[in-house]
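Visitor: Just a sequence and a predicted model for now, questions to come.
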Amino acid sequence: MERTANTRVNESVTIVRGRLDTRDPKSECAEVHRNLLRILPRIDSKYFYDDVGSRLFEEITQLSEYYQTRTEETILAEIADKVVGLTGARELVELGSGAGRKIKLLLDAMRGQGCLERCVLLDINETFVRNSAADLADQYPEIEVCGVVGDFLRDLDSVGTGGDRLFVFLAGTIGNLYPRQLPMFFRNVRAALGPNDAFLVGLDLVKDTARLEAAYNDSAGVTAEFNLNALKVLNRRFATAFEIDAFEHVAFYDREQEWIEMRLRALRPTGALLGGVREIRFEAGDEIRTEISRKFTRRSFVDALDGTGLELSAWFTDSESLFASALVRPVLKNYSS
Ligand code: AVJ
């Protein structure tokens, strides 16, 4: 594939690549190996999202047990006009863009208020970025659409600069970050925001364990397939030779940490290759952590913002308090001279 930094796809869509694609593949491989060699081996959840995994996640969003997507959609449908009115946004920047449906609620509100000019989509999956960007360009022919193939943890600078922008990070994907990673992420967002920009974040909320665990243990087994797909991605990209059928899907809620944890548990002795002859062995029952999905309260979210230069500006939730949309803004200090 061509690796130009700036590829013109059609008249209104530009695709840009973030650092993701330009970093040393050897260091990425070393990081994968390092994570597998932890006491609790770990696979970064970004490896779920190849084309198959992105499609499986789409399928998850339709499951009856997975309340997050439809609940967030309900909230956004309700608040889109208000948020656009509050922010005066002319440009939407979506981080980790999942499905187009939800941002269309916001784009429609911006269009309705006559301020829609531009939309930037950042996602780790290139196919997804290209398809979503082309789709948006079709449906909003009057605007400029830019796709960024990148990692929201490293590539925020690739979305460029602007003014009157609404950044959105939907679906509760922020929950994939470890509490330790959050301050840095928020500071990066703060650095990307202009004084008049805002940031809308989707948060899955703390609730009863049964409801949470059902959402990650669906009866159709789609989440299990999604989880196991991470091994296929590693096999393809890093020649790890995991035996897929030697692992089972595990998902549970950790009340202490307030996060859902997904793991893959070895069903029998098995191994994986870490380059050349190095191998990691798993006994039956050994586990690999593939995802944390943090659940927030208003309090824990406000605490996480503390000291990052961002503050909560509005908090929206559904009637059952399952999910929240938090509107966040830069803390603007007034220095009188
Ligand atoms: C896309 C990160 C929000 O954490 O619920 C769905 C991913 N994992 N089922 C989530 C996921 C298992 C999802 N996010």
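Guide: Everything's here; your move.

Visitor: Any buried residues in stretch 154-168, and which?
Guide: Of all the residues in stretch 154-168, those buried under the rule 16 or more other C-beta atoms under 10 Å are 155-156, 158-159, 162, 164-168. (Each C-beta comes from the backbone N, C-alpha and C, glycine too.)

Visitor: typo on my end, stretch 84-94
Guide: 84, 87, 89-94.

Visitor: Next: stretch 252-271.
Guide: 253, 258-264, 266, 270.

Visitor: Redo those as a markdown table? Include distance to residue 305.
Guide: Shown next, in a markdown table, are the buried residues of stretch 252-271 (distance: C-beta to C-beta, whole Å):
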| residue | distance to residue 305 |
| --- | --- |
| 253 | 24 |
| 258 | 16 |
| 259 | 18 |
| 260 | 22 |
| 261 | 24 |
| 262 | 26 |
| 263 | 29 |
| 264 | 33 |
| 266 | 39 |
| 270 | 42 |
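
Visitor: among the residues you listed, which are in strands?
Guide: Using DSSP state E, the subset of the buried residues of stretch 252-271 located in strands is 253, 259-264, 266, 270.

Visitor: Rebuild the residues you listed as TSV, extending it with pLDDT and distance to residue 123.
Guide: Listed next are these as TSV, based on pLDDT from 0 to 100; distance: C-beta to C-beta, whole Å:
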residue	pLDDT	distance to residue 123
253	98	27
259	98	23
260	98	22
261	98	24
262	98	20
263	98	25
264	98	24
266	98	31
270	98	32
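
Visitor: thinking again about what came up before, wait, which of the buried residues of stretch 154-168 is closest to the ligand?
Guide: Relative to the ligand, the closest of those is residue 168; by C-beta to the nearest ligand atom it sits at 13.4 Å.

Visitor: which residues does that closest one contact?
Guide: 92-95, 103, 106, 199-202 (C-beta atoms under 8 Å, 6 or more residues apart in numbering).

Visitor: host element of it?
Guide: Mapping residue 168 onto the secondary structure by DSSP states H and E places it in strand 165-169.

Visitor: Could you list the paired strands of that strand along with their orientation?
Guide: As defined by DSSP bridges, the strand partners of strand 165-169 come to strand 91-95 (parallel), strand 198-204 (parallel).

Visitor: so which of these comes closest to residue 148?
Guide: strand 91-95 (9.1 Å; C-beta to C-beta).

Visitor: wait, does that closest one make contact with the ligand?
Guide: No - Strand 91-95 lies out of reach of the ligand by C-beta under 6 Å from any ligand atom, never closer than 11.9 Å.

Visitor: mean confidence score for that strand?
Guide: Strand 91-95 carries an average pLDDT of 96.

Visitor: Pull out the CA atoms of it and give them to me as PDB.
Guide: Only the C-alpha atoms of strand 91-95 are listed here, as PDB (Å, rounded to 0.1, in the frame of the first residue of the first chain):
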ATOM      1  CA  GLU A  91     -16.100  21.300  13.600                       C
ATOM      2  CA  LEU A  92     -16.500  17.800  15.100                       C
ATOM      3  CA  VAL A  93     -13.400  15.700  15.900                       C
ATOM      4  CA  GLU A  94     -14.100  12.100  16.800                       C
ATOM      5  CA  LEU A  95     -11.500  10.100  18.700                       C
END
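
Visitor: And the nearest residue to residue 170 once chain neighbours are set aside, how far from residue 134?
Guide: Sequence neighbours aside, residue 202 is the residue nearest to residue 170 in space, at 4.2 Å (criterion: C-beta to C-beta, 6 or more residues apart in numbering). As judged by C-beta to C-beta, to the nearest Å, residue 202 and residue 134 stand 24 Å apart.

Visitor: tally of neighbours for the residue in the stretch 201-337 of the chain that the ligand sits nearest to?
Guide: Using C-beta to the nearest ligand atom, the point where the stretch 201-337 of the chain gets nearest to the ligand is residue 293, with a distance of 3.3 Å. As a burial measure, residue 293 scores 21 neighbours (other C-beta atoms under 10 Å).

Visitor: Get me the contact residues on the stretch 1-150 of the chain for the ligand.
Guide: Neighbours of the ligand within the stretch 1-150 of the chain, by C-beta under 6 Å from any ligand atom: 57, 60, 68.

Visitor: Neighbour count, pLDDT and secondary structure added to those residues, as CSV?
Guide: Converted to CSV, these look like this (neighbours: other C-beta atoms under 10 Å; pLDDT from 0 to 100; DSSP: H, G, I helix; E, B strand; the rest coil):
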residue, neighbour count, pLDDT, secondary structure
57, 22, 94, helix
60, 20, 97, helix
68, 22, 97, helix
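
Visitor: Show me which of residue 202 and residue 134 is the more surrounded one.
Guide: The neighbour count for residue 202 versus residue 134, taken as other C-beta under 10 Å, is higher for residue 202 (24 against 17).
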